[in-house]
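S.K.: here's a sequence, model it:
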Amino acid sequence: YWKLAQKQMKKPVIGITCNYDYKDEVGMVSDMGTPGQDWNFVAGDYVYILEKAGAVPVIIPQYENPQNVKSILDCLDGVVITGGHDVDPVCYGEFPKEYCGRVMPKRDRQDIEIANYFLLEKKKPVLGICRGIQIINVACGGTLYQDLVKEGGFESHSGSRYPRNEGWHRVDFEPRSRFADIFGKSSVMVNSYHHQGVRLPGKGCEIKGKSEDGVPEAIEVMNHPFALAVQWHPEMMFDSEEQVKLLAAFVDAAKKF
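M.R.: Here you go, the predicted structure:
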């Protein structure tokens, strides 16, 4: 009985993928580095909201040896694929256009490997956020808009004029979708900081939520215990009990796993 109780009380350990930048700007601006250094870093909001949802967050750095990535993934109960730079169009078979932003091919390769390991091999819970929804879609064979305005004809989805925790546009969910069940409603107000987005869904990926102007904002990888991804940043809306519901559902899935 005691061993069972210990197991039930244990908090799930959740991996958070790191941003990676081969330039030294991060360190130079913050007076922490020297010229020529590359950097692994992640926004604190990811850590804070996962702790609030009941998990123990662990940051996954950029590894040189791919086998080391799998070694740490095997110790995790779930993974969050975080936001960051644009995904390299080469990853989904397209030529990079001039309006594509900076790309980090090294990070792309590791994030796609992480997504495939959790989606296909381990079937462990996965949550993609912003760039994370794009990585998961590409890992499943889907494509992206390199720029929502120029290629999709959508309005700009960069909400830098708003505070990061302010929801300023609506996402509507498919009826009876897992997202509608998690939030307990058919739509939510969200923030937005992206210029790329899901174009053609990958194999097994289904679009479950869109913005008012039709941009895919929420996808689910079917035939998987828990593989959801959103285009907005719920971790930035850390003071929203509504947004914590998504992280809590993810953490609960990791706990059950």
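S.K.: list the buried residues in the top helix by length along the chain.
M.R.: In the chain, taking DSSP state H as the definition, the longest helix is helix 241-256. Within helix 241-256, the residues that count as buried by 16 or more other C-beta atoms under 10 Å are 242-255. In short, each C-beta sits where N, CA and C put it, glycine included.
S.K.: ok, now stretch 77-92?
M.R.: Those would be 77-89, 91-92, for stretch 77-92 by 16+ other C-beta under 10 Å.
S.K.: centre of the chain to that stretch, how far?
M.R.: Centroid separation for stretch 77-92 versus its chain: 7 Å, with C-alpha atoms, centre = their mean, to the nearest Å.
S.K.: about what we covered before: which members of the buried residues of stretch 77-92 are the farthest-apart pair?
M.R.: Within the buried residues of stretch 77-92, D77 and P89 form the most distant pair, 32.7 Å apart (C-beta to C-beta).
S.K.: on that earlier part again, report all helices and strands that the longest helix of the chain contacts.
M.R.: strand 13-17, helix 44-52, strand 78-81, strand 126-129, helix 178-183, strand 187-190, strand 227-230 (3 or more C-beta pairs under 8 Å, 6 or more residues apart in numbering; DSSP states H and E).
S.K.: ranges for the helices of the stretch 101-250 of the chain?
M.R.: Secondary structure of the stretch 101-250 of the chain (DSSP state H, counting those that start in this stretch): helices at 105-116, 131-139, 178-183, 241-256.
S.K.: closest one to E64 among these?
M.R.: Comparing these under C-beta to C-beta, the one sitting nearest is helix 105-116, at 9.2 Å.
S.K.: who are the packing partners of that closest one?
M.R.: strand 13-17, strand 19-21, helix 66-73, strand 78-81, helix 131-139.
S.K.: hmm, E212 is touching H169, no?
M.R.: Yes: contact criterion C-beta atoms under 8 Å: E212 and H169 qualify, at 6.4 Å.
S.K.: so which of those two has more stuff around it?
M.R.: H169 (18 against 11; other C-beta atoms under 10 Å).
S.K.: how many other residues sit next to F179?
M.R.: The burial count for F179: 24, using other C-beta under 10 Å.
S.K.: quick check: closest non-adjacent residue to it.
M.R.: F173 (4.5 Å; C-beta to C-beta, 6 or more residues apart in numbering).
S.K.: repeat for K208
M.R.: S177 (4.3 Å).
S.K.: the one you found against M222, yeah?
M.R.: No: counting by C-beta under 8 Å, S177 stays clear of M222, with 11.1 Å between them.
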